[in-house]
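Undergrad: Give me coordinates for this.
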Amino acid sequence: MAGPSDIAHLEEFRPPRRRWTREEFERAAELGLFKPEERLELIAGEMVHKMTPQTSYHASAVRLVEHELRRVFPGHVISVQLPLALGPSSEPEPDVSVAAGSLREFTQAHPTSALLLVEVADTTLTFDRTVKAGLYAEGGIADYWILNLRDRVLEVHREPSAMAEQPLGHHYRSITRHTESESVSPLAAPTARVAVADLLP
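TA: Below you'll find the model as predicted:
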């Protein structure tokens, strides 16, 4: 029976995985190469399955976040689980995003940045704290929130920076946790207040 050291040794002989570009990913979707029920994101050149199916609790939280951000950001583009063209090899679909511009501005291409990204996390909490945080930091997203449904707190990530020890080489230098009794102001709307309790189901 192979032991851990044998398995680790075999990893050396596995061929490198073929990574996708965002252009290839979008073209494959246009050609119908993915099944209709597949929910895929492109993360650093690799296709990742999104959580499916969603629980009603998770879906309710997404709707609450969307409702609050529409109040705080009138006249902005608020998207729910729609693509963000984040560099040549990534096309994530954050739960809720806020972009500057008009709705018709993105008829030919996805937004390439956002004023605020929010991921609603329960089973995906570790992934959202590590890989997604690294991806968004690398993409220069200044304000990234994780609505942590497990602990019922809002985790606010700011000050994106290069960090060699992180999975994608980037992360956030400022990470704060806010309980249901607290409120947070988005960086792009500093006079507005978002109550954490209003985001939680």
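Undergrad: Could you check how far the residue nearest in space to the middle of the chain is from residue 199?
TA: When C-alpha atoms, centre = their mean is applied to the chain, the residue found nearest the centroid is residue 94 (3.9 Å). To residue 199, residue 94 is 15 Å away according to C-beta to C-beta, to the nearest Å. C-beta: built from backbone N, CA, C; applies to glycine.
Undergrad: repeat for residue 120
TA: 9 Å.
Undergrad: okay, those two: which has more neighbours?
TA: Just comparing residue 120 and residue 199: by other C-beta atoms under 10 Å the higher neighbour count belongs to residue 120, 30 against 26.
Undergrad: okay, the helix or strand harbouring that one in PDB with CA atoms only?
TA: Element membership of residue 120 [criterion: DSSP states H and E] is strand 116-121. The C-alpha coordinates for strand 116-121 follow below in PDB (Å, rounded to 0.1, in the frame of the first residue of the first chain):
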ATOM      1  CA  LEU A 116     -17.000  46.500  -3.700                       C
ATOM      2  CA  LEU A 117     -17.200  42.700  -3.900                       C
ATOM      3  CA  VAL A 118     -19.200  40.600  -1.500                       C
ATOM      4  CA  GLU A 119     -19.000  36.800  -1.100                       C
ATOM      5  CA  VAL A 120     -21.700  35.100   1.100                       C
ATOM      6  CA  ALA A 121     -19.900  32.200   2.700                       C
END
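Undergrad: before we move on, back to that, now do the contacts for the residue nearest to the centre of the chain.
TA: Going by C-beta atoms under 8 Å, 6 or more residues apart in numbering, residue 94 touches 81, 84, 114, 117-119, 132.
Undergrad: Please give the number of neighbouring residues around the residue nearest to residue 129 when sequence neighbours are not counted.
TA: The shortest distance from residue 129 to any non-neighbouring residue, by C-beta to C-beta, 6 or more residues apart in numbering, is to residue 146 (6.6 Å). Look at residue 146: counted by other C-beta under 10 Å, it has 24 neighbours.
Undergrad: for residue 146, what are its contacts?
TA: 118-119, 121, 125, 128-129, 133, 154-155, 157.
Undergrad: Where strands are concerned, which of these count?
TA: 118-119, 121, 154-155, 157 (DSSP state E).
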